[in-house]
Every structure is written in C-alpha cells, then in structure tokens.
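*Asks:* what's the 3D shape of this:
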Amino acid sequence: NCTSENQWNQQYDELLNYVQEFGHARVPKIFPRNPSLGKWVTFQRKKKAKLQNGDVLSSMTKKRIKRLNKVGFEWKINKQSVSKRRSPRLSVITD
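*Replies:* Model (predicted):
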C-alpha cells in the first residue's frame, strides 16, 4: 500500500530529525513534543517481533529493519538504555 509506505517514510524522517537533535534513536514511548513518533517507535518494535515470530502479515520488512538499524534504532529498551538517556541530565543536576 503506497499510503502506508508514505506514512512509514514520514515517521522515519521524523526519527532522523530526532537523531539529529538528540544524537541517538532512543525515542521515549511518551514524547510530548511529537507523540506520534513515540508511538511509532513502539509499534516498530512490536512489528519486528511479530515478523520474527512468523507473522507474515506484519508490515515490518527486512528493508525497514535495515534502515532503522542504520540510525542506531534500539529494538529492545531496557533499564540501561533508559539510564543512558537520562544520565547527562542527572550529572548536570548533581554537579
């Protein structure tokens, strides 16, 4: 579907803008400045998991995975990833 591909590319461009501004692709699930981007990255993780579990109807493709990997997209977010994102702010506050 051309429309869904266009929407995906538009959100990917938003992710590129995020990476350019923040220096990483760890968009928080709740990102008040761009709520749709936070939701989109969460959906990308879910879609990849579905694809890996054999769901042939998943809209995730190898091409999309490659593009996301290229910008440092993190497929699994854990406490360490979150602390990396927050640590610069904390060091400024505690210094």
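*Asks:* make it CA atoms for all contacts and neighbour counts henceforth
*Replies:* OK.
*Asks:* low-confidence ranges in this structure?
*Replies:* For the chain, the stretches with pLDDT under 70 are 1, 79-95.
*Asks:* Go ahead and flag the most central residue of the protein.
*Replies:* Val41 (3.5 Å; C-alpha atoms, centre = their mean).
*Asks:* Now whichever strand or helix holds Asp13: buried residues?
*Replies:* Assigned by DSSP states H and E, Asp13 belongs to helix 2-22. Neighbour-count burial for helix 2-22 flags Trp8, Gln11, Tyr12, Leu15, Leu16, Tyr18, Val19 (criterion: 16 or more other C-alpha atoms under 10 Å).
*Asks:* before we move on, what about stretch 25-35?
*Replies:* Neighbour-count burial for stretch 25-35, counted by 16+ other C-alpha under 10 Å, picks out Ala25, Arg26, Val27, Pro28.
*Asks:* now it, how far from the chain's geometric center?
*Replies:* Distance, stretch centre to chain centre, for stretch 25-35: 9 Å (C-alpha atoms, centre = their mean, to the nearest Å).
*Asks:* what's the span of that stretch, first residue to last?
*Replies:* By C-alpha to C-alpha, to the nearest Å, the extent of stretch 25-35 from end to end equals 15 Å.
*Asks:* Which stretches in the chain count as helices?
*Replies:* Here the chain has its helices, by DSSP state H, at 2-22, 35-52, 62-70, 79-94.
*Asks:* how far off helix 2-22 does the third one point, in degrees?
*Replies:* Looking back up the chat, that one is helix 62-70. 10 degrees (axes from the mean of the first three to the mean of the last three C-alpha atoms, to 10 degrees).
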